[in-house]
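J.: got a predicted structure here, sequence first:
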Amino acid sequence: MEISEIIQNLEEKGYKIGRASQMKNCKEKTPLPLYLIDVKKSGNYANIFNEKQICYFRVKVVPYRQRKKATICYNCSGYYHSARNFHMRPGCIKCNGQHATRECGITEKIEDLTCINCGEKGCYNSLDVKSIN
């Protein structure tokens, strides 16, 4: 089933869709028969949990369960925001430069690591995110 078909069917039922994506197996990167759909809070959005059929398939709609851990940005290694909503200068974890870690020229293992957030070596504060912010 294509995501576009699901979005079209939900929009025909009166829901406004923000984002939609198909979940994937983390290790094998294969698509799962699970879909993550962001329904905007307008109109009859709360009725989405009462839907029993979408595109002629029986479905069970459940709210998204977020992880209990802090969100970490892949651009700056900061906490509580994602790279999708990031609009400041990036910070590299490897060399502490002003570029994203994925763009860093260092490819070998670094022996003396320092924390990008607090500047300490062997940072124990990473276990307690609140003390860094």
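T.: Perfect, thanks for sending it. Numbering: from 1, shown residues only.
J.: contacts only, for residue 20.
T.: 3, 6-7, 35-38 (C-beta atoms under 8 Å, 6 or more residues apart in numbering). For the C-beta atoms, the positions are set from N, CA and C on the backbone; glycine is no exception.
J.: let's see it at 6 Å
T.: Neighbour list for residue 20: 3, 7, 37 [criterion: C-beta atoms under 6 Å, 6 or more residues apart in numbering].
J.: for residue 72, same thing?
T.: Counting by C-beta under 6 Å, 6+ apart, there are no residues that residue 72 touches.
J.: tell me, what residue is most central in this structure?
T.: residue 82 (6.9 Å; C-alpha atoms, centre = their mean).
J.: contact partners for it?
T.: Contacts of residue 82 (C-beta under 6 Å, 6+ apart): 71, 73.
J.: that one and residue 75, how far apart?
T.: 9 Å (C-beta to C-beta, to the nearest Å).
J.: likewise for residue 118?
T.: Counting by C-beta to C-beta, the gap from residue 118 to residue 75 is 18 Å.
J.: neighbour count winner among the two?
T.: Set residue 118 next to residue 75 and count neighbours by other C-beta atoms under 10 Å: residue 75 wins out with 21 against 12.
J.: correct me, but that one touches residue 100?
T.: Yes. Contact criterion C-beta atoms under 6 Å: residue 75 and residue 100 qualify, at 5.2 Å.
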